[in-house]
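Participant: Fold the following, please.
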Amino acid sequence: MDRFDKLLAQALEQARSLGIPASEHIDPHVKINRRAVTRFGCCTRRADGSFFIELTHRLLEGTDRACLQTLAHEILHTCPGCRNHGPLWREYAGRMNRTFGYAIARTGTCGELGVPDQRPVRHLVVCTGCGREFPRATASPLVRHPERYRCKCGAPLVRKY
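Facilitator: This is a model prediction of the structure:
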């Protein structure tokens, strides 16, 4: 996808302008993942040490800004010592956020990126205090044992379905 490739080049240029040591061996062609439901991007290291970046097809509907932010997130994973979301990765993300107005974080939401939420909701856990809902597609530990968790407001959670 030509649009994503251009945005990848732009995000790389931004990172390098801040002295962030993004790999010189990133495939310039972004791959589109049509099966990704819960993640927006993925950075994969090949056996030869090069990297390729995937974006979910859902970002085709997103703004360039949302795509740039997601690409920047993945580019940071190509930096030495940044395969996870550890302190160095967070430092680089902070630099990108301050300079370019991004909100790069460990995870993002559909609402933050302005894309439709297409995840199936098979389970719903609700806060007994404030009513906040926690929709889930899979029977996660939260779904199986809501009594072990509390909402941010401090109230217990219950499973609706």
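Participant: Name the nearest residue to Ser140, sequence neighbours excluded.
Facilitator: His123 (7.8 Å; C-beta to C-beta, 6 or more residues apart in numbering). Just so you know, the C-beta spots here come from the backbone N, C-alpha and C atoms, and that holds for glycine as well.
Participant: Show me what secondary structure element comes after the lowest-mean-pLDDT helix or strand in the chain.
Facilitator: Every helix and strand in the chain was compared by mean pLDDT, DSSP states H and E; the lowest is helix 110-113, with a mean of 86. Per DSSP states H and E, the first helix or strand lying C-terminal to helix 110-113 is strand 123-127.
Participant: distance between that next one and the chain's centre?
Facilitator: Computed by C-alpha atoms, centre = their mean, to the nearest Å, the chain-centroid distance of strand 123-127 equals 23 Å.
Participant: partners of the very next helix or strand once past that strand, with directions?
Facilitator: Per DSSP H and E, strand 123-127 leads on to strand 133-136 as the next helix or strand towards the C-terminus. Take DSSP bridges as the rule and strand 133-136 pairs in its sheet with strand 123-127 (antiparallel).
Participant: okay, how far is it across stretch 142-154, tip to tip?
Facilitator: With C-alpha to C-alpha, to the nearest Å as the measure, stretch 142-154 spans 15 Å from end to end.
Participant: got it, and stretch 47-61?
Facilitator: Start-to-end, stretch 47-61 (C-alpha to C-alpha) is 32 Å.
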